[in-house]
Each structure stands twice: as C-alpha cells, then as structure tokens.
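Curious how this folds, go ahead:
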Amino acid sequence: MATFVLVHGGGHGGWCYQPVTRLLRRAGHEVHAPTLTGLGERAHLVGPHVDLDLHIEDVVAVLHYEDLRDVVLVGHSYGGMVITGVADRSSERIGKLVYLDAANPRNGQSLLDVAGPMIEMTRPAGKVVDGVELVLLPSPEAGMFYGVTDPEDLAWMADRLTPHPWRCFEHKLVLRHEVEYARIPQFHIVCTSTLATRDRQLMGDARAAGRLWDVDTGHDLMITEPGRVADALLEVAAA
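Residues are numbered from 1 along each chain as shown. Coordinates of the predicted model:
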C-alpha cells in the first residue's frame, strides 16, 4: 500500500482531488488531500500572514502529525512550489515527488519568477480585502481559466473555488537542504499543451527515465482526467 499526499494549487482546496482520491483509495492506498491555509474550507483563515512558507508548514505538519513516511507527495500548479519546500524540510518522510502540471522552482524563485505571464494576468482582476490582495477570484466561469469545459464540473468548481493571496505568488522559495531534496526521485505528469513552455532538459531527462506522462487535457487534469491521473500515480507508486 502506498501513501499519497495530494497538494492543490492556487484558488483550490483539497476538494479538487476528490475524483482521484476515490480511485486511489479504491485501489487500496492511503490518501491525504490537505487544504492550505486561507483556501477552500479554510478560507476564513486568510490574512496578511498567509504566504508560501505557511503553506509549506501546513503540509510539513500533516506529514508529522499523521506520522507519514515514504510518501508519494504530489503538487498541482502552485502546489509545485509547496511540495518543493516540503521536500527540502522533510526529505526523510518523502519517497517520491510528483509535479502535476506544476511549477518546478529552483532555490530563490517565486511562482512569479517561474510562470510570470500567466500569474500576472490574474492580478488586474483581483481585489484588496482587509489589507490582503486577493487574486483568482471565483465566478461561474472561473473553471474555464483552468481548462475545464464540462458544465457540471464548472458548476461544482464555482461553488468551491476561493480567492488566493497574491503574496503567495511573489514569495521566494528558500531551500536549505538541496542535496537531500535532489536525492528524492521526481516524476512529472503534465498537460501536453504546456510541454513546449517547460524546461527542455528537465522534461527530456524525465522522459528518458520513464518519469514523464503527458495528458492532452486542461490544466486541472485531476478534474478533467482523474482516471488517467490516478493511473499515472499508481505507476509512480509501483516504480
């Protein structure tokens, strides 16, 4: 039995992994899908203190308090920033890292550094609430920004998406244990349409090692193609 910890991206919550979680649990695996502070069912905790470091601490705490080991740690989108920080701080608890159409940051980079144009376009439509700049504001069609087109999925997302603090996206990642982090096997499940924008050497090395899956679907592939994502994760666990 494998242990999966699934970390969501900007504006989402652990809820977005429900279709994948059901499939993994049906296959007999342990699955945790925590929601980061200030988002999803924890949106009431949003405030000036919410940043990338806090989100890294959220997941580190899950690993500690649930006493999870040899974890397959998965991060979607902004979640790639988070899992990289978690792997740096809790490498002894992680067996494999999976970047799910996610940011692949280096030390000292923010999400703004990694995916500037896409992230910048969210800022003009944002707003400031109680001194916190929020972006990725929810709306009935917000799911389309994430490549979702099915009306039922869009309605499901519209009820659950929450604004995301901009501070998280400009906060730079600090790695203190890069050697230990680099020893963790890394896998990539990406959308076919994003391959051309990614680091060619990183993707080439991953493909050559059998650690790359590309899925022809929208950015929220855990919603649009949960079966293919779950199958890929099961292959990762068995690798």
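
Now do the buried residues in the helix or strand bottoming out on mean pLDDT in the chain.
When the helices and strands of the chain are compared on mean pLDDT, DSSP states H and E, helix 116-120 comes out lowest with a mean of 86. Buried positions in helix 116-120, judged by neighbour count with 16 or more other CB atoms under 10 Å: Ile119. No exception for glycine: its C-beta is placed from N, CA and C like everyone else's.

That helix - contacts with which helices or strands?
Using 3 or more CB pairs under 8 Å, 6 or more residues apart in numbering; DSSP states H and E as the contact criterion, the secondary-structure elements in contact with helix 116-120 are helix 111-114.

mean confidence for the helix it packs on?
Within the predicted structure, the mean pLDDT of helix 111-114 is 95.

And it, what does it pack against?
Of the remaining helices and strands, those touching helix 111-114 by 3+ CB pairs under 8 Å, 6+ apart are helix 116-120, helix 167-170.

could you redo the last one with a cut-off of 6 Å?
Under the contact criterion of 3 or more CB pairs under 6 Å, 6 or more residues apart in numbering; DSSP states H and E, the helices and strands touching helix 111-114 comprise helix 167-170.

just to revisit the earlier point, strand partners (parallel or antiparallel) of the following helix or strand past the least confident helix or strand of the chain?
Scanning forward in sequence from helix 116-120 by DSSP states H and E, the next helix or strand is strand 127-129. Strand pairing for strand 127-129, determined by DSSP bridges: strand 132-135 (antiparallel).

Quick one: residues in contact with the partner strand.
Outside of strand 132-135, the residues within contact range by CB atoms under 6 Å, 6 or more residues apart in numbering are 48, 122-123, 126-127, 163-166.

Then stretch 173-186?
81, 85, 87-88, 91, 94, 96-97, 105, 107, 109.

Noted, bye for now.
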